[in-house]
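Student: Kindly return the folded structure for what I paste below:
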Amino acid sequence: MRFMQSISKLSAVPVCFFCLHLVLHAASAADSPVPRYDARTFHETTTIRGASFSADESRLLTASDESGVFNVYSVPVSGGEATRLTDSTTNAYFAVSYFPHDNRFLFSHDQGGDELNHVYVLEKDGGERDLTPGEDLKAAFAGWADDLQHFYISSNERDPKFFDLYRYDATSYDRELVFENTGGFTAPAISRDGRWVALGKRVSNANSDIYVWDSMQPDNAPALITPHEGDIAHSVAAFAPDSGSLYIRSNADSEFDRVWQYDLKSKTQELAVEDEWDVSAIGFSWDGRYQVVGVNADASTQVTVTDLQTGKKVNLPDFPSANITGVQFSRSGKQVAFSVAGDTSPGNLYVMNLATGRHHRLTNTLNPKVKQEHLVGSEVIRYESFDGLPIPALLYQPHGATLDDKVPALVWVHGGPGGQCRVGYNSVLQFLVNHGYAVLAINNRGSSGYGKTFYHMDDKQHGEIDMQDVVYARKYLEGLDWVDGQRVGIIGGSYGGYLVCAALAFQPEVFDVGVDIFGVTNWVRTLSSIPPWWASARDSLYSELGDPATDIDRLRRISPLFHAKNIRKPLLVIQGANDPRVLQVESDEMVAAVKENGVPVEYIIFDDEGHGFRSKENRITAAEAYLEFLDTHLRRE
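Tutor: So this is what the prediction gives:
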């Protein structure tokens, strides 16, 4: 990590990874009913990602940042200590899958956050082998074949803009090209029998199609299976385990996504799953007996598992104020693994016996020095925007915040565009709430999860109509009797970082400070420098945000960089040097422009990060920086 400018307050941030300690502020018990933990204490909480059963179903393969960066671990299904299987100290290693017949496993990583992931295998002797060697390519695992002797990988090595599909021998690693993507499709999915390849194609951000290619008729072009008129979004959900049908997500004739089952031979379809919210995912056990469905219900995940032999739902454990996610079945169908996380509980792995219903927890990720009762759960609320539209949001009220002890507040803006603030553990958010900052995590118009009308309300109005939702978020906070309405800031990452800078530039008197984390400041440059592997989404992005070739005046109008002279409130900017989405030059220029106004501006660049944090040490440093900046310029105590 390096600093663009000297920031003496940040130099005091501890850098020893093992210096785990608790910091209590010198406030009285009346001022702080719970202890205030430092950033290191919060980030010594472990993050777990993914789960794959071993061949004998006695262990789970997962990724954990316990070592400081993500590495691959093996966790005994019966319980006990995890075993670290990789030894990266720099790049984040993510678990993909155990091999079906032995202890080899697949994993993936990029280089310093450049998003150019390769797929690797860890051999029986402990050696690592890159299955997708080459420069400037991106690859991803695409599933196991039904013979369990082959697997599939998608890669853009032939053409950086599009992903082809390869079939690998699980013993020799010899490969063959299955499908050459010359039609501008999204990354392909393949049925387990290897016959059918499903392909998405975006027309705009509101309109997309699905094509199917039959490998038994290789000379035929992919066939369109979603003919329609008007704006309807379709996406590939999953192939059936027997390879006889394809499940499709679609918002046809509905505000929300439903799932349809398309019979690949008869070319007919029927509605498979619907809900009053978006059906976000569908999957199956390897033998096809169990079906799992995920629904995005008002910023929470609702999961159901159905036994298709009996038609009855499986009784999953009840976790109040937490969500089940990441459901993975063992190959035999006897066990299921899943993650459970909530606002006050970081994700933990569980395993359940499907025959008996017995379950147990395999990990304990919350730092034992942090008491769960000291954390804060969110309240799902709606506030009115300028036009009366209800805006969904998650409200976090710090312990001890009262009419007599008002607290400063932050409007938290998600990334995207089109992301969503969701119920779940966020160490930075909890850290700031623990230090006495109220947080309103908003889902401004244009956010996903609330229907297609809401999602498209900000198309080509970014930084304008969605900005009003941001402004009215402050108005809502000012109306809470336990919030100090004179001290309200804004914080966000990626697209949220853009709205931070846009708020300070276009509404310069609304917010008292801004924290921009990897945020876009110049849409002309960003949309002109889209990474090549986003080529299939280019038209979709242009339809939502604007084409720099034809909409340059509008893009300049909504880009904070060109209006930085208006910024009068303190700004903190965080940037990854390897960010392929928001180039460092954007933040460099923004910081330089704001400095010319004589405004307090602080700038931190992480040399080993891309578009987001992979290193725990960097997350700690950034969190401490947020707090120092906010305490100096917003709390002003």
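
Student: So which bits of the helix or strand containing residue 391 are buried?
Tutor: Taking DSSP states H and E as the criterion, the element that holds residue 391 is strand 390-396. Of all the residues in strand 390-396, those buried under the rule 16 or more other CB atoms under 10 Å are 391, 392, 393, 394, 395, 396. Every residue, glycine included, has its C-beta placed from N, CA and C.

Student: strand partners of it, parallel vs antiparallel please.
Tutor: Strand pairing for strand 390-396, using DSSP bridges, gives strand 379-384 (antiparallel), strand 438-442 (antiparallel).

Student: hmm, who's touching the longest one?
Tutor: Outside of strand 379-384, the residues that reach it under the criterion CB atoms under 8 Å, 6 or more residues apart in numbering are 298-299, 390-397, 423, 472-473, 475-476.

Student: go on, the last one?
Tutor: Contact with strand 438-442 is made by 378, 391-398, 401, 407-414, 421, 429, 432-433, 469-470, 473, 476-477, 480, 482-483, as judged by CB under 8 Å, 6+ apart.

Student: Would you list the buried entries among the residues you listed?
Tutor: For those, a burial check counting by 16+ other CB under 10 Å picks out 378, 391-398, 401, 407-414, 421, 429, 432-433, 469-470, 473, 476-477, 480, 482-483.

Student: Filter the residues you listed down to just the ones in strands.
Tutor: Cross-referencing the buried ones among the contacts of strand 438-442 against strands under DSSP state E gives 391-396, 407-413, 483.

Student: Throw those into CSV and include pLDDT and distance to residue 563, thanks.
Tutor: Formatted as CSV, these follow (pLDDT from 0 to 100; distance: CB to CB, whole Å):
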residue, pLDDT, distance to residue 563
391, 98, 25
392, 98, 29
393, 98, 27
394, 98, 30
395, 98, 30
396, 98, 31
407, 97, 31
408, 98, 26
409, 98, 25
410, 98, 23
411, 98, 20
412, 98, 23
413, 98, 18
483, 98, 29
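
Student: Show me which of the residues you listed is closest to residue 61.
Tutor: Distances from residue 61 to these, taken as CB to CB, are shortest for residue 394 (32.1 Å).

Student: Please enumerate the helices of the stretch 301-450 of the chain.
Tutor: Counting by DSSP state H, counting those that start in this stretch, one finds helices in the stretch 301-450 of the chain at the ranges 427-434.

Student: Point out the most buried one among the strands paired with strand 390-396.
Tutor: Greatest average neighbour count among the strands paired with strand 390-396 goes to strand 438-442 (a mean of 27), per mean count of other CB atoms under 10 Å.

Student: Tell me, how many residues neighbour residue 78?
Tutor: Look at residue 78: counted by other CB atoms under 10 Å, it has 10 neighbours.

Student: Would you check how far apart it and residue 64 are?
Tutor: Distance, residue 78 to residue 64, using CB to CB, to the nearest Å: 18 Å.

Student: rewinding a little: redo the ones in strands among the buried ones among the contacts of strand 438-442 as a markdown table? Include distance to residue 36.
Tutor: Shown next, in a markdown table, are these (distance: CB to CB, whole Å):
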| residue | distance to residue 36 |
| --- | --- |
| 391 | 30 |
| 392 | 29 |
| 393 | 25 |
| 394 | 22 |
| 395 | 20 |
| 396 | 15 |
| 407 | 13 |
| 408 | 14 |
| 409 | 17 |
| 410 | 16 |
| 411 | 22 |
| 412 | 19 |
| 413 | 25 |
| 483 | 19 |
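
Student: quick one: which of those is nearest to residue 462?
Tutor: Distance to residue 462 across those (CB to CB) is lowest for residue 413, with 11.9 Å.

Student: mind listing the strands for the stretch 501-637 of the chain?
Tutor: Along the stretch 501-637 of the chain, the segments classed as strands by DSSP state E, counting those that start in this stretch run 514-517, 571-576, 601-606.

Student: Would you point to the one among those that's packed deepest?
Tutor: Compared across those, strand 514-517 shows the largest average neighbour count, a mean of 30 (mean count of other CB under 10 Å).

Student: Note down every partner strand of it and its orientation.
Tutor: When pairs are called by DSSP bridges, strand 514-517 turns out to pair with strand 483-493 (parallel), strand 571-576 (parallel).

Student: could those be laid out in JSON lines, adding distance to residue 127?
Tutor: JSON lines is the format used below for those (distance: least, CB to CB, whole Å):
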{"stretch": "strand 483-493", "distance to residue 127": "37"}
{"stretch": "strand 571-576", "distance to residue 127": "31"}
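
Student: Can you say which of the ones you listed is nearest to residue 124?
Tutor: strand 571-576 (35.9 Å).

Student: wait, what's in contact with the closest residue in space to residue 486 that isn't next to it in sequence?
Tutor: Computed as CB to CB, 6 or more residues apart in numbering, the closest residue to residue 486 that is not its neighbour in sequence is residue 512, at 7.8 Å. For residue 512, the contact set (CB under 8 Å, 6+ apart) comprises 486, 487, 488, 489, 569, 570, 633, 634.

Student: Go again with 6 Å.
Tutor: Residues near residue 512 by CB atoms under 6 Å, 6 or more residues apart in numbering: 487, 489, 569, 634.

Student: Next, work out how far apart it and residue 221 are.
Tutor: Distance, residue 512 to residue 221, by CB to CB: 58 Å.

Student: Over to residue 213?
Tutor: Counting by CB to CB, the gap from residue 213 to residue 221 is 8 Å.
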